Structures are given as C-alpha cells and as structure tokens.
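Participant: Just the structure for this:
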Amino acid sequence: MPSNPKGHSPMPGRISRREFMGRTATAAAAGFMIVPRRVLGGPGYQAPSDTLNIGCIGVWGKGASDIASCGTENIAALCDVDDVMMEKFLKWDEPAPELKAKFERAAKFRDFREMLDKVKDIDAVTVSTPDHFHAVAAMTAMKMGKHAFVQKPLTHTIKEARLLAQEAKARNLVTQMGNQGHAKEGARLVCEWIWNGAIGPVREVHVWTDRPIWPQAINAPVEIPSVPPTIDWNIWLGPAPWRPYHPAYHPFVWRGWWDFGTGALGDMGAHLIDQPFWALNLGAPKQIQASGTPFTKDSYPLAEVVTYEFPARDQFPPVKLTWHDGGLMPPRPAALPNGFMMGDEGGGCLFVGDKGMLVCSTYGESPRLLPDQLMKDYKRPDKTIPRSPGIHEEWIAAIKAGKKSTTDFSYAGALTEMMLLGNIALRFKDAKVVLEWDSEKMVFPNFPEANPFVHKDYRSGWSL
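Facilitator: You can find the predicted model right below:
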C-alpha cells in the first residue's frame with residue numbers, strides 16, 4: 001500500500017516535509033538508493049524529513065502508552081476533553097526527560113477537530129478515546145489524509161468498522177489497531193504451529209477472560225451532578241445520545257455502558273479472539289448465539305457465553321468458537337496436568353484439533369501443546385512470519401516505507417465486526433433464535449429485529 005500523504009509545496013520548486021516523506025517512501029519501495037541517516041547526522045540521527053508529526057487524541061490511560069510508544073516522532077499536538085487527564089499525562093513520571101520535553105512542546109487542545117484544523121502538518125493521529133468516539137475521530141482525520149492508529153476495538157458498530165476500512169483503502173492510508181498482542185512472539189508461534197499441522201485440523205476453539213473488572217448490569221444513575229469545569233462533556237459524549245454528566249461514566253468505567261463501550265467482549269476480544277482469527281483465517285461467521293446473566297437497557301451483563309459458527313475456509317474445516325467472560329471458563333482438558341493454569345490469570349485461548357490441543361495465554365504467549373508428549377515430540381517449524389518491533393513501531397515504520405501494517409483496518413475491521421456480532425446476539429439472548437449473518441449485505445436474514453444494531457443514530461452535529 002503506497003503512502004499518500006497530503007500537503008502542498010509552500011513555494012514553487014520546494015516540497016513540504018510531508019511530500020518529501022511520501023516521495024522517499026515511493027523511492028524506497030522502488031529500490032532507489034537513499035543516503036543513510038548515519039552519514040547525514042551520526043549514529044541515531046533522525047532527519048526532520050524522516051520524522052512524522054503525530055496528533056494524539058486521548059492522552060491518559062491507554063492513551064499515555066500510545067503516545068509514549070510514538071515518542072521517536074514529533075508529538076505535534078495533544079488533545080483531551082478533560083484537563084485533569086491532560087495534567088496527569090504531563091506530570092507522568094515514567095517517560096524519559098527528552099520525551100517529556102516533547103509532550104510539553106506539543107500544542108494542547110480539547111476538541112480534536114480544532115487540533116486538526118489548526119495544526120496543518122499533522123501526518124498521523126492516535127485515537128485512544130472511549131469506544132463510541134473511535135470512528136468519528138478516525139474518520140475525520142482520515143478524510144484529511146492522516147494515517148491512523150486506533151485503540152481496540154476499532155469501532156462501536158459494525159457499519160463503522162466497514163466504513164473505516166473502506167476509507168483507509170480508498171485513500172491509501174497506513175492504519176493500525178492497538179491490539180498489541182498481535183505484535184508479540186507468541187501470536188506468531190501460535191499461527192506457525194497450527195499452520196504446520198501441530199494439532200491437525202481445528203474444529204473447536206474456546207476463548208475466555210476474567211473481564212469485566214468494571215461495573216456492569218446496572219442502571220444509569222439518576223443523580224445529576226454539576227459538570228466539572230475541567231471537562232467538555234458535550235465533546236466527550238460526541239455521537240452518543242445526550243445524557244447528564246456523571247462519574248459513573250468517566251473515566252474508565254465507560255466500558256460497561258451500551259452507549260459508550262463494548263463490554264468485556266469488545267475490550268479483550270481484540271487480544272484473545274485475535275489468536276484464532278489470525279491462525280484459522282476465520283473471517284465472518286455464519287451463525288451467532290449468546291447466553292448470559294441479566295443486563296439492563298443501560299449496561300452489559302456480568303457474564304456471558306457467545307458461540308460463533310464459521311464455514312469451511314480454504315484449507316480450514318468448519319469451526320465453532322465459544323467466548324466466555326465474567327469468570328466463566330470452558331471445561332478443563334483432561335490432558336492438562338493437575339496444577340497447571342489454563343491460559344493466564346486474565347484469560348486464554350484453547351484450540352481443539354484432530355491430533356491434540358494448543359493452549360495459550362491472553363496475548364498468545366506461552367503456547368503449549370497437549371498432551372505433554374505431543375509437546376515433547378514436536379519439532380518446531382521455521383519461523384516464517386516476519387517478527388514485529390511492536391504494534392506502534394510497526395505502524396510508524398509502515399508509514400515511512402509506504403507498506404501495510406499487520407492489523408490495518410482491513411484486518412482489524414473484520415475482527416471488530418466479529419466481536420460486535422456477539423454483542424448483538426447478546427441483546428437477543430432470550431429471543432430463542434440463532435442469528436444468521438449475511439456479511440456481504442450486513443443483515444441478519446432470519447431475524448430482521450437485530451438489523452438496527454448493525455449501526456446507530458448519531459447525536460445531532462456528529463457524523464462520519
């Protein structure tokens with residue numbers, strides 16, 4: 001995917017830094033010789049023309065680590081609707097002094113639209129906001145020609161995921177979703193072992209997490225406290241339906257509310273389901289059903305089980321994948337020795353094949369074949385998947401090289417769609433129906449009542 005940064009030459013005969021970067025990426029892809037940085041400025045030198053200007057939307061929580069991980073580049077602007085979050089980030093004592101100096105120099109904003117309008121030379125954005133805000137922030141930036149890194153899950157609705165993937169492709173933008181486990185060694189080993197036939201054809205998968213670790217199955221608060229002067233509540237709500245401010249929504253605890261988050265499945269599925277989604281080339285399921293504890297019109301249940309049925313795909317047979325959360329887990333395999341944990345404390349993934357099983361932890365780490373003798377006898381295959389320097393580093397390198405990253409929006413969008421189908425099935429857990437999914441048309445042909453949840457209405461003044 002070639003890089004296509006936008007920008008115009010400030011003077012005839014001169015090119016802007018962003019145009020220079022685009023031409024450099026094209027030349028590199030064509031095999032042209034480029035003078036090494038060390039010749040120009042000594043070891044470790046990074047020429048200004050090789051440095052991205054990044055605007056960061058959402059600065060605390062996961063946003064802090066997203067920004068710090070992009071610290072090799074110029075952090076041109078920081079944006080957060082909450083001044084308290086901005087202050088916490090600027091006082092954060094973990095980054096090195098030179099990195100903190102970059103943060104201090106960055107322009108500061110509450111409204112990301114103002115940031116994009118005023119800081120003209122932003123090349124790329126990070127979006128580390130609540131889930132309901134991902135799509136509007138990312139789409140606005142992409143329509144202005146900005147590359148995008150968006151935290152998981154990519155979007156709040158299936159249609160949003162589809163539209164972001166289409167926009168990124170149409171504009172030749174380099175995109176990445178922040179499911180960092182995809183960049184780890186374990187995720188690649190899981191794929192290589194399964195593709196090598198370590199456990200034979202896989203027909204069943206179980207995925208589980210200890211989430212939620214925030215309140216769920218509750219009603220919206222009735223109290224209406226004053227909005228703190230440090231927060232722009234209107235922008236925080238963004239496209240979501242208007243409701244009064246309350247600390248039950250912000251910060252962090254937004255994940256459990258239908259209007260803002262995507263529950264445990266959306267939060268951790270991007271890490272856990274990513275393992276089978278990649279290794280088994282899952283794509284879109286044909287059927288989905290869910291069960292769970294009671295939930296309210298405002299928030300998700302405390303625990304759920306979601307089952308997906310996938311048809312045969314190329315060399316892969318049909319497979320059933322079952323998601324468990326809220327502390328629920330699949331049955332413990334008899335082949336797992338007593339005293340050994342299945343996965344890790346946060347969750348895990350179990351592949352059941354014709355020749356054995358593979359179990360791994362939340363991020364695909366520590367893969368293990370079962371029974372033990374299979375692990376002892378297994379001759380590991382060559383490492384065929386390129387290793388990643390890290391989810392953020394990979395995205396930055398891909399922008400500069402004009403290449404595609406591994407969890408770009410074409411991949412991340414499809415993974416997000418799959419997860420969100422589970423949340424739709426959950427809404428109809430008592431409807432006594434197995435939902436059938438037509439991915440091409442984005443409809444449930446056997447249960448039209450579910451179709452309105454493929455997307456949502458935006459509050460006035462907000463759109464894609």
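Participant: what sits against the residue nearest the centre of the chain?
Facilitator: Ranked by distance to the mean C-alpha position of the chain (CA atoms, centre = their mean), the top residue is residue 152 at 2.5 Å. Residue 152 is in contact with 177-179, 266-267, 270-271, 412, 416, counting by CB atoms under 8 Å, 6 or more residues apart in numbering. C-beta here means a position set from N, CA and C on the backbone, and glycine is covered the same way.
Participant: Surely it is within a helix?
Facilitator: No - using DSSP: H, G, I helix; E, B strand; the rest coil, the assignment for residue 152 is coil, not a helix.
Participant: For the contacts of residue 152, work out which two are farthest apart.
Facilitator: Largest separation among those by CB to CB: 267 and 412, giving 14.7 Å.
Participant: re the thing from before, list buried members of the contacts of residue 152 by neighbour count.
Facilitator: Among these, those classed as buried by neighbour count (16 or more other CB atoms under 10 Å) are 177-179, 266-267, 270-271, 412, 416.
Participant: and this structure, what are its domains?
Facilitator: When the chain is parsed with automatic domain parsing, its domains come out as 17-181+391-407, 182-217+232-386+415-454.
Participant: gap between the nearest residue to residue 278 once chain neighbours are set aside and residue 275?
Facilitator: Leaving aside its sequence neighbours, residue 278 sits nearest to residue 191 (CB to CB, 6 or more residues apart in numbering; 5.8 Å). Separation of residue 191 from residue 275 (CB to CB, to the nearest Å): 8 Å.
Participant: Show me which parts of the longest helix anywhere in the chain are buried, residue by residue.
Facilitator: When the chain is parsed with DSSP state H, its longest helix is helix 409-427. Buried residues in helix 409-427, counted by 16+ other CB under 10 Å: 409, 411-426.
Participant: same thing with stretch 294-311?
Facilitator: Those would be 295, 298-310, for stretch 294-311 by 16+ other CB under 10 Å.
Participant: From start to finish, how long is that stretch in a straight line?
Facilitator: Stretch 294-311 stretches 30 Å from its first residue to its last (CA to CA, to the nearest Å).
Participant: Let's test this: mean pLDDT of that stretch, rounded?
Facilitator: Confidence for stretch 294-311, expressed as mean pLDDT, is 98.
Participant: helix or strand right after the lowest-mean-pLDDT helix or strand in the chain?
Facilitator: Sorting the helices and strands of the chain by mean pLDDT, DSSP states H and E puts helix 37-41 at the bottom, at a mean of 34. Counting by DSSP states H and E, the next helix or strand C-terminal to helix 37-41 is strand 53-57.
Participant: by contact count, what packs against the next helix-or-strand element following that following strand?
Facilitator: Downstream of strand 53-57, the first helix or strand assigned by DSSP H and E is helix 62-69. Here helix 62-69 touches strand 53-57, helix 83-91, strand 124-127, helix 391-401, going by 3 or more CB pairs under 8 Å, 6 or more residues apart in numbering; DSSP states H and E.
Participant: Buried residues in stretch 358-375, which are they?
Facilitator: Residues of stretch 358-375 classed as buried under the neighbour-count rule (16+ other CB under 10 Å) are 358-370, 374.
Participant: of these, closest to residue 130?
Facilitator: Checking the buried residues of stretch 358-375 against residue 130 by CB to CB gives residue 362 as the nearest, at 21.7 Å.
Participant: Please, which helix or strand holds that closest one?
Facilitator: Under the assignment given by DSSP H and E, residue 362 is not contained in any helix or strand.
Participant: Make sure it is actually in contact with residue 179.
Facilitator: No - if you go by CB atoms under 8 Å, residue 362 and residue 179 don't touch, sitting 10.9 Å apart.
Participant: what's the overlap in contacts for these two?
Facilitator: With contacts defined as CB under 8 Å, 6+ apart, the residues shared by residue 362 and residue 179 are residue 271.
Participant: Please compute how far stretch 424-433 lies from its chain's middle.
Facilitator: Offset of stretch 424-433 from its chain centre (CA atoms, centre = their mean, to the nearest Å): 25 Å.
Participant: quick one: terminal-to-terminal distance for that stretch?
Facilitator: For stretch 424-433, the end-to-end distance is 12 Å (CA to CA).
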